[in-house]
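A.B. asks: Here is my input, please return the structure:
(one chain, ligands or ions: 1)
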Amino acid sequence: MRFPKTRLRRLRKGKNVRRLTRDVSLSKDDFLYPIFVKEGIEEKREIEGLPGQFHYPLDGLEEVLSECEELGIPGALLFGIPREKDEKGSEAFDSEGIVQRAGKKIKKSSKLTLFTDTCLCQYTSHGHCGVLSDEGLDNDESLKILKKVAISQAEAGADYVSPSAMLDGQVKSIREGLDKEGYGSVGIMSYSAKFNSSFYGPFRAAAESAPKKIEGPSKLDGRKTYQMSYRASDQPLREISLDIKEGADIVMVKPALPYLDIIKRASESFDIPISAYQVSGEYAMIKETSRSGLIDERDAFLESLVSIKRSGANFIITYAALDVARWLDES
Ligand code: PBG
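C.D. replies: This next block holds a predicted model:
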């Protein structure tokens, strides 16, 4: 039946019918909140490129943990910023490292599900996600270290370790390591489809993890030899499929908004929970534009997060989680 009998506006004529007929939901069940814990600070400090987000000292975590719990956020993704860095990122697997100490504290003082970012770039002096050789990033040597990082995080209480280095075989190697050490119940959320993106800019400033230019024969060009090109549309699906075979429990697409097509394809192709990371640049763009009044912050966050859900993500890692949870309570 066509116009004038079919009039879709009948479905939009009042708030209640709009509520009844919408079919994409967004709730606090959908959010994982990133938390930055930094060594060597006394008080929480606002992160310059991420307005409303903070670096927390180890002793200042309670505040944000209880905020998450009171708002009903299911979990946190923990990032550490160590005082000392070296060539192989030793602080990343130190049992007394900042993330390991924070993990123990979080598990003791909160019921949040704890995800830990499992990577080396915040911990290496050169800012790359693994160790270097003349050939560039040495994949298999780096796997040995990432495995140690994952085990130390599991030991500290991580419920899920989250490898984000985009190295080949990282999920397999971590799974084997965890199982061997008796951490069979610790899960893996893999940053499976992680693109080499300019949208990580504010995070790298916040985490002091921008890759340095390496002189000499090493074949490195930013993170292009390990993170995926945004011109590749089938590779992310191969990456996800391999990670599933290697034992991932949850796979991630990152960033989110510029890659909704990938989230959609992944959700149609695989029966596994898919997370999407609304990354620092996506967050900062909305924050900055709303500051000048050009867009409404609340509407823009809700719209972008619902789009990410609509494309098929099961949940979203977002810096806006706490604000959005509050807005959802109010509406
Ligand atoms: C570490 C890591 C990065 C992000 C999450 N984990 C940075 C990078 O790959 O350079 C980015 C998150 C964000 O931008 O919010 N490998």
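
A.B. asks: only C-alpha atoms for contact and neighbour calcs from this point on.
C.D. replies: Fine.

A.B. asks: Alongside the ligand, which residues does the stretch 1-150 of the chain contribute?
C.D. replies: Cys119, Cys121 (Cα under 6 Å from any ligand atom).

A.B. asks: In the stretch 1-150 of the chain, mark out all the helices, start to finish.
C.D. replies: 15-21, 61-71, 98-109, 139-155 (DSSP state H, counting those that start in this stretch).

A.B. asks: Ok, which of the ones you listed comes nearest Ile262?
C.D. replies: Closest to Ile262 of those is helix 139-155 (Cα to Cα; 25.3 Å).

A.B. asks: Check which residues of the closest one are buried.
C.D. replies: The neighbour-count check on helix 139-155 (16 or more other Cα atoms under 10 Å) flags 139-140, 142-143, 145-155 as buried.

A.B. asks: coming back round to it: I'd like the helices of the stretch 1-150 of the chain as CSV, with distance to Val253 appended.
C.D. replies: Shown next, in CSV, are the helices of the stretch 1-150 of the chain (distance: least, Cα to Cα, whole Å):
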stretch, distance to Val253
helix 15-21, 28
helix 61-71, 23
helix 98-109, 24
helix 139-155, 20
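
A.B. asks: Same list, those, but as CSV with distance to Thr225 and mean pLDDT please.
C.D. replies: Below are the helices of the stretch 1-150 of the chain laid out as CSV (distance: least, Cα to Cα, whole Å; pLDDT from 0 to 100):
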stretch, distance to Thr225, mean pLDDT
helix 15-21, 46, 96
helix 61-71, 36, 97
helix 98-109, 27, 97
helix 139-155, 11, 97
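
A.B. asks: quick one: the residue nearest to Lys104 when sequence neighbours are not counted from Val99, how far?
C.D. replies: Using Cα to Cα, 6 or more residues apart in numbering and skipping residues adjacent in sequence, the residue nearest Lys104 is Ala156, 5.1 Å away. Distance, Ala156 to Val99, using Cα to Cα, to the nearest Å: 8 Å.

A.B. asks: Of those two, give the one with the bigger neighbour count.
C.D. replies: Higher neighbour count among Ala156 and Val99: Val99, with 30 against 21, using other Cα atoms under 10 Å.

A.B. asks: Quick check: nearest residue in space to Ala306, chain neighbours excluded?
C.D. replies: That one is not Ala; residue 306 is Val. Nearest one to Val306, counting by Cα to Cα, 6+ apart, is Leu26 at 6.2 Å.

A.B. asks: Repeat that for Glu246.
C.D. replies: In space, Glu246 is closest to Lys172, 4.6 Å off (Cα to Cα, 6+ apart).

A.B. asks: What is the host helix or strand of the one you found packed up against?
C.D. replies: Secondary structure assigned from DSSP states H and E places Lys172 in helix 170-180. Helices and strands touching helix 170-180, by 3 or more Cα pairs under 8 Å, 6 or more residues apart in numbering; DSSP states H and E, are helix 139-155, strand 187-194, helix 235-246.

A.B. asks: What are the contacting residues of the host helix or strand of Arg298?
C.D. replies: For Arg298, the element it lies in under DSSP H and E is helix 297-310. Helix 297-310 has contacts (Cα atoms under 8 Å, 6 or more residues apart in numbering) with 24-26, 256-257, 260, 263, 276, 286-287, 290, 315-316, 320, 324, 327.

A.B. asks: Check stretch 152-159 too.
C.D. replies: With Cα under 8 Å, 6+ apart, stretch 152-159 has contacts from 93-95, 99-101, 103-104, 107, 113-116, 160-161, 178, 183, 185-187.

A.B. asks: Show me which of the residues you listed are buried.
C.D. replies: Among these, the ones that count as buried by 16+ other Cα under 10 Å are 93-95, 99-101, 103-104, 107, 113-116, 160-161, 178, 183, 186-187.

A.B. asks: got the residues of the stretch 151-300 of the chain near the ligand?
C.D. replies: Counting by Cα under 6 Å from any ligand atom, the stretch 151-300 of the chain sits next to the ligand at Ser164, Ala165, Phe199, Tyr200, Phe203, Arg204, Val279, Ser280.

A.B. asks: Kindly indicate which of the residues you listed lies nearest Ala76.
C.D. replies: Closest approach to Ala76 among these (Cα to Cα): Val279, at 14.6 Å.

A.B. asks: Can you give me the neighbour number for Glu246?
C.D. replies: Residue crowding around Glu246 was assessed by other Cα under 10 Å; the count is 17.

A.B. asks: if I look at the residue nearest to Glu246, how far off is Asp249?
C.D. replies: With Cα to Cα as the criterion, Lys172 and Asp249 are 12 Å apart.

A.B. asks: My understanding was that Gly52 contacts Lys44; is that so?
C.D. replies: No: using Cα atoms under 8 Å, Gly52 is not in contact with Lys44; the gap is 11.4 Å.

A.B. asks: who has more neighbours, the two?
C.D. replies: Set side by side, Gly52 and Lys44 show more neighbours around Lys44, with 19 against 13, by other Cα under 10 Å.

A.B. asks: which residues does the residue nearest to the more buried one when sequence neighbours are not counted form a beta bridge with?
C.D. replies: Nearest residue to Lys44 in three dimensions, chain neighbours excluded: Tyr56, at 4.5 Å (Cα to Cα, 6+ apart). Counting by DSSP bridges, Tyr56 is bridged to Val37.
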